[in-house]
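1. pasted the sequence and its predicted model underneath.
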Amino acid sequence: MEPTIKQLVLKRFRSIPSERITFDNPTIFVGRNGSGKSNLVSAFSFLADAMASPLQAVFDKAGGISTVRNRTSGRSYPPNLGLRVDFGRLNGKASSGFYAFEVRALKNYGFSVVREQCSVGSAWFDRIGTKFTSNVGGMKPSLDPSSLSLPLVGGEAKFAPVLRTLASMRVYSIEPGKLREMQDPDSGTSLKPDGSNVTSVLKEIERQSDRDFERISDILATIVPNTKQVEVKKHGKNLSLEFTQEWGERKRLKFEGFSMSDGTLRAIGMLAAVFQRPVPSLIAVEEPEATIHPGALESVLDLLRHASKHMQVVITTHSPELLDAKWITDQHLRIVEWTEGATRVAPVSDATRKALHDHLMGAGELLRSNALDPASLFDHEEKLMQGELFEDFA
């Protein structure tokens, strides 16, 4: 499927001073520990939270604006942070448009929205400070300097697809310990970032589609040999996972979630993320290879590649084994580096692209050989110049 998010522009966001990142589907961000991969994908969860909660609460959840705002650029630079997303699809259909905002940090950890724009087809709005203009009639939101406009005007039919798309982006770093515990039930309509409500999500998947719930067990068996089924068990008011393992002739054992390996629990968390209802517009999965046996990584990648037919998929990794998949090309890869106190994101170099195109080496082999290189800094900086946040609607 064509990516929902075609391009992401970040200005002074966490460890990223300035980047313009284009996406394929799936897109794989490759980088060492500490290079800034998590900071990069956190932009998606930041945007999603900003559509559903007050901006002050979003900053507080992230550690405050002083934590979110990049400070490596020096005191002479304006202390503003900005984000922009350009869309490839909205409402499941090819679409053109973008959404962007810029926030200024104030004293005592305060902030104000400097500017905010949204464009979908021929409809647009442009907010400067608390002044709001649009070519869509009837919209006069009462704006607070520290609030975004889109959550207020997202009920308007022309802008609603943007609000829904951004609000339904999800970032996952599954924590096996959370899946071992008894879980409080909830609606099960959105898997939490750490997987701590996976039981409710699995119950909701089963309620909506028996077939999808059966597929989860089928795929799990390819990742974790002999594990034939996963079920959700009720214990008073709480829920837990139960796994069935089979081998030989009619030999079967059932295990509670607290008895299962980290790899098994991460796998069921990823399966719940992919099959959850409603379907997210985008999922970002951090290091899916963690605690997964290298022999099972092909099944994990097949799962995420399958998911890319229904949603946008973003993956972070530093695993050569994960990159050994034959279908991975230069179009799927972005290199993340920590350089001179900042995160840099770039497509692969021309030499890397040629090696992949000519099938001289796979992406995994190149990473093992320290030859999975980013594009040159000069070419990359030239592309960054095209990554402005706002446009002129006049």
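-> Done, it's in. Numbers count the residues shown, from 1 in each chain.
2. so where's this protein uncertain?
-> 72-78, 377-387, 394 (pLDDT under 70).
3. change it to 50
-> 74, 76-77 (pLDDT under 50).
4. residue ranges for the helices of it, please.
-> 37-52, 55-61, 65-68, 150-153, 160-167, 176-180, 198-208, 210-223, 262-275, 297-307, 350-357, 363-368, 377-384 (DSSP state H).
5. centroid residue for the protein?
-> The chain has A284 as the residue nearest its centroid, 2.8 Å off, counting by CA atoms, centre = their mean.
6. please list all residues in contact with it.
-> 41, 44-45, 169-172, 313-316 (CB atoms under 8 Å, 6 or more residues apart in numbering). To be clear about C-beta, it is placed using only N, CA and C from the backbone, and glycine gets the same treatment.
7. one step back: highest mean neighbour count out of the helices of the chain?
-> Among the helices of the chain, helix 262-275 has the highest mean neighbour count (mean count of other CB atoms under 10 Å), at a mean of 25.
8. quick one: list the elements packing against it.
-> strand 169-172, helix 176-180, helix 198-208, helix 210-223, strand 238-247, strand 282-286, helix 297-307 (3 or more CB pairs under 8 Å, 6 or more residues apart in numbering; DSSP states H and E).
9. put together CSV for the ones you listed, with distance to M260 on each row.
-> What follows is these, written out as CSV (distance: least, CB to CB, whole Å):
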stretch, distance to M260
strand 169-172, 18
helix 176-180, 8
helix 198-208, 12
helix 210-223, 11
strand 238-247, 6
strand 282-286, 19
helix 297-307, 16
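10. how about the strands in the stretch 51-200 of the chain?
-> 80-87, 89-90, 93-94, 97-105, 111-120, 123-128, 131-134, 169-172 (DSSP state E, counting those that start in this stretch).
11. can you list the helices of the chain in CSV and add distance to V85?
-> Shown next, in CSV, are these (distance: least, CB to CB, whole Å):
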stretch, distance to V85
helix 37-52, 7
helix 55-61, 16
helix 65-68, 17
helix 150-153, 11
helix 160-167, 7
helix 176-180, 29
helix 198-208, 26
helix 210-223, 29
helix 262-275, 21
helix 297-307, 20
helix 350-357, 26
helix 363-368, 26
helix 377-384, 16
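12. how about the ones you listed, which one is nearest S18?
-> Judged by CB to CB, the one of those that comes nearest to S18 is helix 377-384, at 5.9 Å.
13. wait, doesn't A62 sit right on A43?
-> No. In this structure A62 lies outside contact range of A43 using CB atoms under 8 Å: 10.7 Å.
14. quick check: which of the helices of the chain is nearest to Y99?
-> Among the helices of the chain, helix 160-167 comes nearest to Y99, with 5.4 Å by CB to CB.
15. what is that closest one packed up against?
-> When contacts are defined as 3+ CB pairs under 8 Å, 6+ apart, helix 160-167 packs onto helix 37-52, strand 80-87, strand 89-90, strand 97-105, strand 111-120, helix 150-153.
16. okay, angle between the fourth one and strand 80-87 too, please.
-> Okay, so that is strand 97-105. Compare the direction of strand 97-105 with that of strand 80-87 by axes from the mean of the first three to the mean of the last three CA atoms, to 10 degrees and you get 170 degrees.
17. list the neighbouring strands of strand 97-105 plus their orientation.
-> strand 80-87 (antiparallel), strand 111-120 (antiparallel) (DSSP bridges).
18. restricting to C-alpha, output the first one in PDB.
-> Listed in PDB are the C-alpha atoms of strand 80-87, where the atom choice follows Å, rounded to 0.1, in the frame of the first residue of the first chain:
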ATOM      1  CA  ASN A  80      11.100  26.800  18.200                       C
ATOM      2  CA  LEU A  81      10.300  23.300  17.300                       C
ATOM      3  CA  GLY A  82       8.200  22.200  14.400                       C
ATOM      4  CA  LEU A  83       6.700  19.200  12.700                       C
ATOM      5  CA  ARG A  84       5.200  18.600   9.200                       C
ATOM      6  CA  VAL A  85       3.600  15.500   7.700                       C
ATOM      7  CA  ASP A  86       2.800  15.200   4.000                       C
ATOM      8  CA  PHE A  87       0.200  12.600   3.100                       C
END
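19. show me the contact partners of it.
-> The contact list for strand 80-87 (CB under 8 Å, 6+ apart) reads 4-13, 43, 46-47, 65, 68-70, 95-105, 114, 120, 162, 165-166, 387, 389-390.
20. swap the cut-off to 7 Å and go again
-> 4-13, 43, 47, 68-70, 95, 97-104, 114, 165, 389 (CB atoms under 7 Å, 6 or more residues apart in numbering).
21. what's the answer for the last one, then?
-> Residues outside strand 111-120 that contact it (CB under 7 Å, 6+ apart): 59, 65, 80, 90, 95, 97-106, 124-128, 145-146, 148-150, 158-159, 161-162, 390-391.
22. returning to what we had before: of the strands paired with strand 97-105, which is nearest S240?
-> Nearest to S240, of all the strands paired with strand 97-105, is strand 80-87, at 38.0 Å by CB to CB.
23. off-centre distance for that closest one?
-> 15 Å (CA atoms, centre = their mean, to the nearest Å).
24. and A43, what does it touch?
-> A43 touches 8, 10, 13, 83, counting by CB under 7 Å, 6+ apart.
25. dump the residue contacts of the second one.
-> The contact partners of L10, by CB under 7 Å, 6+ apart, come to 16, 19, 43, 83.
26. wait, the first one touches R344, no?
-> No. No contact is recorded between I16 and R344 when judged using CB atoms under 7 Å, the distance being 8.2 Å.
27. beta partners of the residue lying closest to D184 once chain neighbours are set aside?
-> Residue nearest to D184 in three dimensions, not counting chain neighbours: N238, with 6.4 Å by CB to CB, 6 or more residues apart in numbering. As for beta bridges, N238 partners with H235 under DSSP bridges.
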